[in-house]
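S.K.: All I have is the shape, not the residue letters:
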């Protein structure tokens, strides 16, 4: 599923102040490096709001292609239901830093 149109929102559109990293040595500011990281792994986590109001985190296999994140999903189910209810999500990937 690709998040598109109204589902794509930047921090500035939501009037959210960006946070600053406490550990400056780990901060990544180079755009090319930011583009490389999602392509370096195939497992990510999508966080949505659960029925109880708490974050609901689902691991997903994904592909990063031309600035878009694609992940597999059944035609119906909890992930799609949550995305339909509220497209504001967080997507996270891990790569080892050391």
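M.R.: Ah, there it is. Being a predicted model, the structure only gives us computed values, none of them experimental.
S.K.: ok, which stretches of this structure are strands?
M.R.: Using DSSP state E, the strands of the chain run over 43-49, 55-65, 68-71, 90-93.
S.K.: Turn the ones you listed into a markdown table, including mean neighbour count.
M.R.: For glycine as for every other residue, the C-beta is placed from the backbone atoms N, C-alpha and C. A markdown table is the format used below for the strands of the chain (neighbours: other Cβ atoms under 10 Å):
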| stretch | mean neighbour count |
| --- | --- |
| strand 43-49 | 16 |
| strand 55-65 | 14 |
| strand 68-71 | 16 |
| strand 90-93 | 13 |
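S.K.: Out of these, flag the one nearest residue 35.
M.R.: strand 55-65 (8.3 Å; Cβ to Cβ).
S.K.: ok, the closest one: who's next to it in the sheet?
M.R.: Strand 55-65 pairs in its sheet with strand 43-49 (antiparallel), strand 68-71 (antiparallel), by DSSP bridges.
S.K.: Work out the gap between that strand and the centre of the chain.
M.R.: 7 Å (Cα atoms, centre = their mean, to the nearest Å).
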